[in-house]
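Enquirer: Need coordinates for the below:
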Amino acid sequence: MTDRSAEFLAHAARRILVLDGAMGTMIQRYGLAEADYRGSRFADWPSDLKGNNDLLVLTKPEVIREIHSQYLAAGADILETCTFNANSISMADYGMEALVHEINLAAAKLARQVANEYSTPDRPRYVAGVLGPTSRTATLSPDVNDPGFRNVTFDQLVATYYEATDGLVKGGADLLLIETVFDTLNAKAAVFAVKKYFDDAGRAWPVMISGTITDASGRTLSGQTAEAFWNSLRHAEPVSFGFNCALGARNSASTSTNWPTRPTAWCPPTPTPACPTPSAATTRRRPRWRRKSANGPWPACSTSWAAAAAPRRTTSRPSPRRWRTARLGNCPP
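Expert: All right, here's what the predicted structure looks like:
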């Protein structure tokens, strides 16, 4: 487990780094069938597996490798692992809870191999180990007739996030991305898990956090405004903190910039340049990458490798902007 934390922070301070884009919609383009997801290993699995994209790191790794390569060739600096649903809660839909660690480990190793192939001394490529939101919420009841009911506990979330973190780190992840947060309590469980892992490992990895605003009111699904979301998670000392593509480029920009209190982490906008369709085709509308808040114009959910190349062409790799605020612990301004 090579420690690239200092190197990553130094590069991020000098120039804007570009994260890769969509994994799911890119996978759709391959038109994979049920047999592709199963492979020989899971040919007799009792439930359907099509749609379990994270499983492809075991059964169809060449597809994930090619997608990673396309993003790096287009100019991405950071690869996200194909582990959005690689947790025991989401994998329970397929009866594959026992594979969580193996999938995270294999996904990180795969991304690490591709990143190493494209890395150069003056431009290293990094791997972000993805910790997705899971398919359940610790804050809200799934039963409108029983508002006090919860179908997942904080401890269950911590346990599966810890297991996933261990696989990602041992597979070669340089940093951890807690992403698409719709419930702050879920994110707190992820933060608790990774911090506990850091304590057990005797070192820390950079942490990025990306939330999602679910409607035009500017709130998360669990009801927080952007500023409240930041204040609830600032103790994690993330190196970057922002919101993803839920509302599109125009509305997401206002969410990220209209805060009474500026966050003390880098703030990457992740606008959606196009909307995915069932066939994974996308409309062609270039996002406006340069915003006052842009400390890293990173592509988002429905982008392709071609869209990931857009910020590289339009920004000319400028230095990140800094908020006029005090530093938070060891977090870069």
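Enquirer: part of a helix, is residue 43?
Expert: No - under DSSP: H, G, I helix; E, B strand; the rest coil, residue 43 sits outside any helix and is assigned coil.
Enquirer: Need the phi and psi values for it.
Expert: Residue 43 has phi and psi values of phi -60, psi -30 when expressed as degrees, to the nearest 10.
Enquirer: how about the residue lying closest to it once chain neighbours are set aside, phi and psi?
Expert: The shortest distance from residue 43 to any residue other than its chain neighbours is 7.9 Å, reached at residue 35 (CB to CB, 6 or more residues apart in numbering). C-betas here are computed from N, CA, C, even on glycine. Backbone torsions for residue 35, taken as degrees, to the nearest 10, come to phi -60, psi -30.
Enquirer: what's around residue 35, how many residues?
Expert: 12 (other CB atoms under 10 Å).
Enquirer: How about residue 67?
Expert: When neighbours are counted by other CB under 10 Å, residue 67 comes out with 24.
Enquirer: That one: which element?
Expert: helix 61-74 (DSSP states H and E).
Enquirer: Mind listing residues that contact the following helix or strand past that helix?
Expert: Using DSSP H and E, the helix or strand that follows helix 61-74 in sequence is strand 78-80. With contact meaning CB atoms under 8 Å, 6 or more residues apart in numbering, strand 78-80 is reached by 17-20, 23, 68, 71-72, 111, 114-115, 125-128, 130, 175, 177, 179.
Enquirer: any weak-confidence spans in this structure?
Expert: 245-333 (pLDDT under 70).
Enquirer: make it 90
Expert: 1-2, 9, 11-19, 21-22, 25, 135-152, 179-184, 210-233, 240-333 (pLDDT under 90).
Enquirer: for it, what spans make up the helices?
Expert: 5-14, 24-28, 34-38, 56-59, 61-74, 88-91, 100-118, 154-171, 184-201, 226-233, 248-257, 305-315 (DSSP state H).
Enquirer: neighbours of residue 62, just the number please.
Expert: By other CB under 10 Å, neighbour count at residue 62 equals 9.
Enquirer: Could you report the distance from residue 50 to residue 37?
Expert: According to CB to CB, to the nearest Å, residue 50 stands 5 Å off from residue 37.
Enquirer: what about residue 92, how many neighbours?
Expert: Based on other CB under 10 Å, the number of other residues close to residue 92 is 15.
Enquirer: Pull up the gap between it and residue 45, please.
Expert: 14 Å.
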